[in-house]
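# need a 3D model of the sequence below.
(one chain, ligands or ions: 2)
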Amino acid sequence: MEKTPEAAPVRSIKDLPSEENILPGTPVCAGCGGLLTLRYCLKALGSNVVIVNAAGCFTLLSIYPFTPFKSSWLYTAMACAPAGAQGVRDALDVLIEKERLDPEDDLKVVVLTGDGAAYGMGLASTSAAIHRNLDFYYICYNNEAYGNTGFQQSEATPFGSKTGTTPPGKTSPAGKDFPEKDLFEIWNSHKPPYLATISPAHPVDLINKFKKAEKYRGPKLFIALSPCPPGWATDPSLSVKLAKLSVDTGIWALKESVYGEVEHTYIPKSFKPVEDYLKLQGRFAHLFKPTRQEETLKRIQEMVDDYWNRYKLLL
Ligand SMILES: Cc1ncc(C[n+]2csc(CCOP(=O)(O)OP(=O)(O)O)c2C)c(N)n1
Ligand code: SF4
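Ligands and ions are numbered 1, 2, ... in the order given. Prediction:
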């Protein structure tokens, strides 16, 4: 169901909203791709927002009495942020019903989680909230592991990645030896009004997706592949480059879905080899040294090619 007309899209980086709703000086790591993503998301969402955060790295952002946000913040356990969002949405609706809150002053309810919560521990409560058609936004900053507790594998960890719980060794030279879950497809099977993948290296695409989502009442879901310097063993200065390479190699497909209908919003003119992305990251270093793991590298490239072939978009 649509609630507002769609806002005009922005055309270039110069047209991004200048307002900042997350201020500098946070305790997260330098070069955190998730934080940059969140900064762009809040430019689109504004400050009339309640963020419901599942335990993770970003819980450190807002610890009483300090906060970098202009908006409100509620912290929940890992599995239940969407249930927390339901409570906040219900409370706002009751206040509006009792005429104690002007509908003009209504707040957007935004769940914010890492991939450990989104792909694993919190999936049941997310599925239930989507099924109930809860009117909320869901932002997952996906650093492809449990970041806050030292980078253990999550259900988003890709094939070939080293994590604290998938060390490359004799039994598993590749590190993680099976692929990640496809959360986009899992969410999409619920046919929510709006669902998108986003990237901190594509802010225009990101902002336009939020503008488009705004017109729908119901769940509006966003997943961002978010470079994580300590976990990925990369230099903080490389985060935007890595986010861009993830898109240019086809590893991270930028797409959206409206009521289950998927469309890609950006298709690289020519796809770069996945190695260009992998070789810059310490978590994949064992695939190159002391010897190249040809089979593993080939399989990673094939998985990406298979994805784009499925959509007949590989040029
Ligand atoms: C049920 C439960 N198990 C374990 C933890 C400990 N814990 C706190 S944050 C965290 C990592 C969360 O990972 P993710 O959701 O990917 O977010 P990130 O830390 O990467 O930001 C864990 C395991 C917890 N809070 N609750
Ligand atoms: S560990 Fe990674 S996701 Fe967590 S704050 Fe640091 S850079 Fe960001």
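# show me the contacts for the residue in the stretch 101-250 of the chain that ligand 2 sits nearest to.
Residue of the stretch 101-250 of the chain nearest ligand 2, by C-beta to the nearest ligand atom: C228 (3.1 Å). For every residue, glycine as well, the C-beta is placed using N, CA and C. Shown in contact with C228 (C-beta atoms under 8 Å, 6 or more residues apart in numbering): C29, C32, G33, G34, N143, E144, A145, G147, F151.
# one more: G231?
Shown in contact with G231 (C-beta under 8 Å, 6+ apart): N143, E144, A145, G147, F151, T163, R283.
# tell me which element it falls in.
In this structure, G231 sits in helix 229-232 according to DSSP states H and E.
# mind listing what R299 touches?
F159, G160.
# give me the low-pLDDT residue ranges for this protein?
1-5, 314-315 (pLDDT under 70).
# pull up the residues of it that are close to ligand 2.
V28, C29, C32, G34, C57, N143, G147, C228, P229, P230, G231 (C-beta under 6 Å from any ligand atom).
# filter those by proximity to ligand 1?
By C-beta under 6 Å from any ligand atom, the members of the residues of the chain next to ligand 2 lying near ligand 1 are C57, N143, G147.
# now, which of those residues sits nearest Y119?
N143 (11.4 Å; C-beta to C-beta).
# let me see the backbone angles for T265.
Per-residue torsions, T265: phi -100, psi -10 (degrees, to the nearest 10).
# against C29, how distant is it?
T265 sits 29 Å away from C29, taking C-beta to C-beta, to the nearest Å as the criterion.
# my read: L195 touches E263, true?
No. Counting by C-beta atoms under 8 Å, L195 stays clear of E263, with 11.0 Å between them.
# out of these two, which sits in the busier spot?
Set L195 next to E263 and count neighbours by other C-beta atoms under 10 Å: L195 wins out with 28 against 10.
# ok, what's across the strand from that one?
Going by DSSP bridges, L195 is paired in beta bridges with L221, S257.
# tell me which parts of this protein are close to ligand 1?
So the chain meets ligand 1 at 55-58, 77-78, 113-117, 121, 143, 146-149, 154 (C-beta under 6 Å from any ligand atom).
# swap in 5 Å and give it another go.
55-57, 78, 114-117, 143, 146-149 (C-beta under 5 Å from any ligand atom).
# now, of the residues you listed, which are buried?
With burial judged by 16 or more other C-beta atoms under 10 Å, the buried subset of these is A55, G56, C57, M78, G114, D115, G116, A117, N143, Y146, G147, N148.
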